[in-house]
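>>> Please work out how this folds:
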Amino acid sequence: MKKQSKIIYYIIISILLLAFLLPFLPLVINSFAYDFRWPRVIPSNATSRAFKYVFYGNSNTYEAIFNTLFIATSVVFIDVFLAVPAAFSLVRYEFKGKFIIKMILFAPIIIPSFTAIMGMYVVFVKIGLTESTYGVILAHILPTLPYMIKALMVSYGTLDTALEEQAAVLGAGFISKFIYVSLPHILPGIVAGASLAFLISISQYFLTLLVGGGKIITISIVMFPFISGGDNTIGSVYGLLFSLFSIINLVLIDFVLRKYYQKRNFKII
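So this is what the prediction gives:
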């Protein structure tokens, strides 16, 4: 029975791994393709031209990588700073207008993004935040913050208030309670929200293009012209680079959570 269970386990893992890698296969093939036209399944020739152009011939690539990581990381830190008190207040307190505030905070998820973006763009033009990295960072907070708040609301909702009360009785102040009681409990929620915020931020094309005015270069900005009527081979290389960021993000999250639960003596799979 154990042998059969292991076989079934490896079959399931192989199927899931294949399903995960299958979407990347066309990108890999197309990135090395030369004279790749329908109805050919495999290109007639292979070339490294696209990789040479992306990493050696195009000076925008490394600027785009730096901007993408800087903007996404900044957005994550700002989201955490704003979401922690917001989630705490929404979970722990009852007050008039709470439902309205929740609707406003989660509106970017409900309202069509184009509507919210255009309204925000008009404000940014008036205060001079367009065509700047800081403007793009603030713009990315709009679609990412609701996910961070929601993740932290779930974490705070499972935190027993008795633990905080006991810490207060023992003389812990507000900051001490947060560091030693609340933070260890909500850390998985912060990590989950940070993962979503990072992925959403690096994938923003129209928002970055509109607010950045084409002067703030990110991977999505560089990649889009090549995959929408340009050179698909170069676009595939940028697609692989974009996917690499997502994979690294997931690996880091898995590593952080495993270390966290190991320290707390939880059994992980």
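>>> what's the spacing between stretch 213-231 and its chain's center?
On the basis of CA atoms, centre = their mean, to the nearest Å, stretch 213-231 sits 19 Å off its chain's mean C-alpha point.
>>> Output it as CSV, nothing but the C-alphas.
Output of stretch 213-231 as CSV, limited to C-alpha atoms (Å, rounded to 0.1, in the frame of the first residue of the first chain):
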residue,chain,number,x,y,z
GLY,A,213,4.4,59.0,-19.4
GLY,A,214,6.7,56.5,-21.1
LYS,A,215,9.7,57.9,-19.2
ILE,A,216,9.6,55.4,-16.4
ILE,A,217,10.8,52.1,-18.0
THR,A,218,9.8,48.7,-16.4
ILE,A,219,9.9,45.2,-17.7
SER,A,220,6.2,45.3,-18.7
ILE,A,221,6.7,48.6,-20.6
VAL,A,222,9.7,47.2,-22.5
MET,A,223,8.1,43.9,-23.2
PHE,A,224,4.7,45.0,-24.5
PRO,A,225,5.7,46.5,-27.8
PHE,A,226,7.6,43.3,-28.8
ILE,A,227,4.6,41.0,-28.0
SER,A,228,2.0,43.2,-29.7
GLY,A,229,3.2,43.3,-33.3
GLY,A,230,6.9,43.7,-32.8
ASP,A,231,9.6,41.0,-32.6
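>>> mind listing the strands for the stretch 1-150 of the chain?
In the stretch 1-150 of the chain, the strands defined using DSSP state E, counting those that start in this stretch lie at 33-34, 45-46.
>>> Confirm for me that Leu250 is in contact with Ser195.
Yes. At 7.2 Å, Leu250 counts as touching Ser195 under the criterion of CB atoms under 8 Å. Using the backbone N, CA and C atoms, a C-beta is placed for each residue, glycine as well.
>>> quick one on the thing from earlier: the strands of the stretch 1-150 of the chain: which one's closest to Phe206?
strand 33-34 (28.3 Å; CB to CB).
>>> and Gly171, how many residues sit next to it?
By other CB atoms under 10 Å, 7 other residues sit near Gly171.
>>> How about Thr68?
Thr68: 24 surrounding residues under other CB under 10 Å.
>>> For it, list the residues it contacts.
202, 218-220, 245 (CB atoms under 8 Å, 6 or more residues apart in numbering).
>>> Quickly name whichever of these is closest to Phe55.
Using CB to CB, the contacts of Thr68 come closest to Phe55 at Ile219, 12.9 Å.
>>> residues contacting that closest one?
Neighbours of Ile219 in contact, by CB under 8 Å, 6+ apart: 64-65, 68, 202, 238, 241-242, 245.
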